[in-house]
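Colleague: sequence and computational prediction follow.
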Amino acid sequence: METPLRIAIADDHALFRQGLKSQLRLQPGLVVVSEVDRADQLAAMIAATPCDILLLDLQMERSALVDIKALAERVTVIVVTASERAEDALAALRSGARAVVFKRFAIETLMDAIAAVVEGNEWMPPALQRHLTARLTEPPEEPLTPREIEIVRQVAMGLRNAEVADRLSISEVTVKTHLNNIFQKLGLRGRTALALYAIRMGIVGVPDGSP
């Protein structure tokens, strides 16, 4: 029998937490193992009840950005937030969240976000993707090197680090170093954002079937 995916919820709105739990109970392979309503209870909850994914409200009694940075090393963080400001969502992703779900669309999109992070990908609302793509028209202050552009191309094509290393005849450690430099230069986080950048800048073509 497959081990269920353990979900924890941190949100200060009791009705919203109940709605999330009701939705998650309908999904096979998922189980809610813990919940809190205050950011200062997060660390203790994760320590006491290990989980695979944390559904985290971005703003409870304080901003959760600092908590994301600390928790992202221990658990996969999906931010579920009422704020639809692109700046807030991007700040969460840069802090270490693997996905952002807007509360207004949580019922429709939460399972898509969970499925994406389980596969090792990032996820963001379509509106945020469009906003991010629109911001990627300006070149970085420090241009990418030819090798970095080639790394971007390979990653945008869906290759994992080991596959990129094999194709370019370099070590996987070197690929990771290049990616860290690329993310820093571009001010991006995550392979999804990097793929959007590559498409926007013409490094790769738009995938078949894309609008």
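Modeller: That came through, no problem. Numbers count the residues shown, from 1 in each chain.

Colleague: any stretches of this protein with poor pLDDT?
Modeller: For the chain, applying pLDDT under 70 flags the ranges 1, 131-141, 205-211.

Colleague: what residue is smack in the middle of it?
Modeller: Nearest to the mean C-alpha position of the chain, by Cα atoms, centre = their mean, lies Arg98 at 2.0 Å.

Colleague: against Thr145, how distant is it?
Modeller: 28 Å (Cβ to Cβ, to the nearest Å). C-betas here are computed from N, CA, C, even on glycine.

Colleague: list the buried residues of the longest helix seen in the chain.
Modeller: For the chain, the helix that runs over the most residues, judged by DSSP state H, is helix 172-186. Using 16 or more other Cβ atoms under 10 Å as the test for burial, helix 172-186 gives 175, 178-179, 181-183, 185-186.

Colleague: how would you label Glu35: helix, strand or coil?
Modeller: Reduced to three states with DSSP: H, G, I helix; E, B strand; the rest coil, the structure at Glu35 is strand.

Colleague: check contacts around it.
Modeller: Residues in contact with Glu35, defined by Cβ atoms under 8 Å, 6 or more residues apart in numbering, are 8-11, 17, 21, 45.

Colleague: once you drop chain neighbours, what's closest to His13?
Modeller: Of all residues not flanking His13 in the chain, Asp57 sits nearest, at 7.5 Å (Cβ to Cβ, 6 or more residues apart in numbering).

Colleague: thought that neighbour was touching Ala10?
Modeller: Yes: contact criterion Cβ atoms under 8 Å: Asp57 and Ala10 qualify, at 6.0 Å.

Colleague: shared neighbours, the two?
Modeller: Ala64.

Colleague: who has more neighbours, these two?
Modeller: Ala10 (25 against 22; other Cβ atoms under 10 Å).

Colleague: list the beta-bridge partners for that one.
Modeller: Val36, Leu56 (DSSP bridges).

Colleague: sorry, back to before: now distance to Asp112 too, for the buried residues of helix 172-186, in TSV please.
Modeller: Output for the buried residues of helix 172-186, formatted as TSV (distance: Cβ to Cβ, whole Å):
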residue	distance to Asp112
Val175	28
His178	30
Leu179	25
Asn181	31
Ile182	26
Phe183	24
Lys185	30
Leu186	25
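
Colleague: any idea which of the residues you listed is closest to Lys103?
Modeller: The closest of the buried residues of helix 172-186 to Lys103 turns out to be Phe183 (Cβ to Cβ; 27.8 Å).

Colleague: the spatially closest residue to the closest one that is not a sequence neighbour in helix, strand or coil?
Modeller: Spatially, and ignoring its direct neighbours in sequence, Phe183 is nearest to Arg189 (6.0 Å; Cβ to Cβ, 6+ apart). With three-state DSSP as the basis, Arg189 sits in coil.

Colleague: any idea how far Arg98 is from the most far-flung residue of the chain relative to its centre?
Modeller: Ranked by distance from the centre of the chain (Cα atoms, centre = their mean), the top residue is Ser169, with 29.0 Å. From Ser169 across to Arg98, the span is 30 Å (Cβ to Cβ).
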